[in-house]
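Colleague: Take a look and give me a structure for this.
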Amino acid sequence: MTALEVLDKNFDNLVEVIQKAVSYDTTRSQPQPGAPFGKNIKQCLTYILGVAKEMGFSVYDCDGYAGHADMKGKGDEVLGILGHIDVVPAKEEDGWIHPPFAGVIEDDKLYGRGTVDDKGPIIACLFAMKALKDSGFVPNKTIRIIFGCDEESGMECVKHYFETVPKPNIAFSPDSDFPVINREKGIFQFGIDFGKLNGNILDIQGGDRVNVVTAKCTAVITDTVKPVVVYGVEVVHNDDNTYTLTAHGKAAHGSKPQEGINANWAIFRSLALTFPFDTTLAFISQKMCDYTGSSLGIDMRDEHSGQLTCSMNVVSYTDNKLQVMVDVRFPVSFSCEQFYSRLTSALPYEVTVVHTAEPLFVKQDSFLVSTLLDVYNMYTDSYAQPIAIGGGTYSRSLPNCVAFGPLFPDEEETIHMPNENIDLNSLRQMTEIYCEAIRRLAE
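Modeller: Sure thing, here's the model as predicted:
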């Protein structure tokens with residue numbers, strides 16, 4: 001059988017494996033022995049490596065940080081395919097039409113957290129590798145699919161993994177968009193401790209992940225002052241002589257804040273109007289409720305990747321202490337050091353650096369980018385060109401790696417959102433594309 005015939009034969013099994021993998025809530029949790037990112041992630045890794053072993057591949061578990069499945073090649077070089085099995089949090093009450101870890105199929109769509117980001121695509125690559133093996137393909141490079149366990153929370157997984165296992169010579173990550181991502185903006189996530197606010201403000205809570213636009217934010221204030229509300233903020237008068245203010249927004253990936261509605265903004269704008277003499281509230285509402293960073297004076301742009309984005313995604317006012325966390329994606333022509341200099345010059349508050357990642361730029365005429373682009377254009381009958389993104393993938397952890405799929409142009413993006421789903425027809429097509437890409441890169 002040809003590789004495509006093998007894929008077609010095993011497609012139902014591919015879907016079942018994704019459903020099982022999605023059933024594990026692989027949000028990072030408390031570490032346990034052998035499970036540095038929580039027991040659910042470890043169990044999911046064990047399950048996927050077990051599937052790979054049953055397929056006939058040699059597997060390796062790197063202390064629960066990551067694992068890999070190998071298809072041995074004739075030469076010494078390694079083709080790496082890097083994906084992740086951890087996910088951002090998902091709560092059914094946030095608007096899911098199906099439970100986020102149930103793996104329900106409806107109208108040819110598979111719903112669940114991780115179906116697109118990134119369990120579905122990396123498992124598709126595993127089945128593509130099996131199809132190549134079963135069709136008799138003998139690669140010149142060892143094909144190694146790497147399953148990371150901490151991509152969403154700092155990439156500690158690959159840092160540890162690559163201290164133990166040599167880096168691949170060439171690689172791609174199925175964790176973004178088609179056709180090919182050869183430019184990824186720099187990432188700079190930071191926190192600010194603003195201290196105490198007006199004494200009538202008792203509590204503010206919004207967001208729980210710095211890389212997700214806040215869908216809900218609440219504030220509690222005393223009823224000695226009547227709140228001024230804007231942008232649809234809801235107000236409830238409580239029995240304990242307080243008001244609760246609630247803003248509902250729309251979640252989005254932190255790299256694309258313009259596609260979401262940040263609930264934190266509405267709360268801070270309401271509070272700034274309610275307490276007009278609080279300088280901190282005035283600063284935040286005027287300077288930090290802007291996804292371009294221009295109000296804060298940190299706007300940047302270049303011809304390769306466009307405009308900087310900025311999103312205040314986590315806020316907490318507890319025990320008279322306001323803390324916020326901000327996600328910035330800056331253009332590829334700049335460095336983290338250059339951005340930090342711009343930030344500290346513009347911001348009259350002390351900054352705590354949470355996470356940084358330098359930009360990625362792999363040339364279009366490289367063997368890696370040109371090969372992946374040729375495969376994509378052949379399967380889609382198009383003339384697409386490489387694109388830039390604000391998201392950060394595993395590609396930054398390697399010197400010769402780019403992101404390749406899984407999202408097709410004009411396809412609905414549900415990554416980090418309620419009702420994340422993968423279209424089964426798209427899943428079939430992407431698996432065929434990955435199969436051919438792996439063959440060409442490894443032959």
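Colleague: could you pull out the strands for the stretch 51-200 of the chain?
Modeller: Secondary structure of the stretch 51-200 of the chain by DSSP state E, counting those that start in this stretch: the strands cover 58-62, 66-71, 78-84, 105-106, 109-111, 142-148, 170-173, 176-177, 181-184, 186-195.
Colleague: List the contacts of the residue of the chain most remote from its centre.
Modeller: What lies farthest from the middle of the chain is Thr224; by Cα atoms, centre = their mean that is 42.3 Å. For Thr224, the contact set (Cβ atoms under 8 Å, 6 or more residues apart in numbering) comprises Asn200. The way it works is simple: take the backbone N, C-alpha and C, and place the C-beta from them, glycine included.
Colleague: Using just helix, strand and coil, how would you label it?
Modeller: Using DSSP: H, G, I helix; E, B strand; the rest coil, the structure places Thr224 in coil.
Colleague: what's the spacing between it and His68?
Modeller: Thr224 is 60 Å from His68, where distance means Cβ to Cβ, to the nearest Å.
Colleague: what about the strands of the stretch 51-200 of the chain, which gets the closest to Pro99?
Modeller: Nearest of the strands of the stretch 51-200 of the chain to Pro99, taken as Cβ to Cβ: strand 109-111 at 8.6 Å.
Colleague: and the residue nearest to the spatial centre of the chain, how far is that from Val326?
Modeller: Nearest to the geometric centre of the chain sits Glu152, at 5.7 Å (Cα atoms, centre = their mean). As judged by Cβ to Cβ, Glu152 and Val326 stand 17 Å apart.
Colleague: Kindly report the same for Gln30.
Modeller: Applying Cβ to Cβ, the value for Gln30 to Val326 is 26 Å.
Colleague: before we move on, what about Ile170?
Modeller: Distance from Ile170 to Val326, counting by Cβ to Cβ: 35 Å.
Colleague: neighbour count winner among those two?
Modeller: Val326 (25 against 20; other Cβ atoms under 10 Å).
Colleague: which residues does the more buried one contact?
Modeller: For Val326, the contacting residues are 189-192, 210, 288, 310-313, by Cβ under 8 Å, 6+ apart.
Colleague: just Ile105 next, same as before
Modeller: Ile105 neighbours (Cβ under 8 Å, 6+ apart): 15, 19, 111, 424.
Colleague: Contacts only, for the third one.
Modeller: The reference is to Tyr111. 96-98, 100, 102-105, 419-421.
Colleague: Make a ChimeraX selection of whichever of those residues turn out to be buried.
Modeller: Only the buried entries of those go into this ChimeraX selection, using 16 or more other Cβ atoms under 10 Å:
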select :96,98,100,103,104,419,420,421
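Colleague: What does the pLDDT read for the residue farthest from the centre of the chain?
Modeller: In the prediction, the pLDDT value recorded for Thr224 is 94.
Colleague: how much space between it and Val59?
Modeller: Counting by Cβ to Cβ, the gap from Thr224 to Val59 is 63 Å.
Colleague: what do you get for Pro166?
Modeller: For Pro166, the distance to Val59 - Cβ to Cβ - is 17 Å.
Colleague: Neighbour count: those two, which is higher?
Modeller: Neighbour count, other Cβ under 10 Å: between Pro166 and Val59, Val59 has more, with 19 against 7.
Colleague: all helices for the chain, in order.
Modeller: 3-22, 39-54, 119-134, 156-164, 263-274, 279-287, 336-346, 367-380, 424-442 (DSSP state H).
Colleague: okay if I get those as TSV plus mean neighbour count?
Modeller: Converted to TSV, those look like this (neighbours: other Cβ atoms under 10 Å):
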stretch	mean neighbour count
helix 3-22	18
helix 39-54	19
helix 119-134	26
helix 156-164	18
helix 263-274	24
helix 279-287	18
helix 336-346	15
helix 367-380	18
helix 424-442	21
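Colleague: now the ones you listed as CSV including distance to Gln205?
Modeller: Converted to CSV, the helices of the chain look like this (distance: least, Cβ to Cβ, whole Å):
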stretch, distance to Gln205
helix 3-22, 28
helix 39-54, 25
helix 119-134, 30
helix 156-164, 26
helix 263-274, 9
helix 279-287, 15
helix 336-346, 25
helix 367-380, 43
helix 424-442, 37
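Colleague: Tabulate these in TSV, adding columns for mean pLDDT and distance to Glu77.
Modeller: Converted to TSV, the helices of the chain look like this (pLDDT from 0 to 100; distance: least, Cβ to Cβ, whole Å):
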stretch	mean pLDDT	distance to Glu77
helix 3-22	97	21
helix 39-54	98	21
helix 119-134	98	16
helix 156-164	95	16
helix 263-274	97	47
helix 279-287	97	50
helix 336-346	95	31
helix 367-380	97	12
helix 424-442	98	9
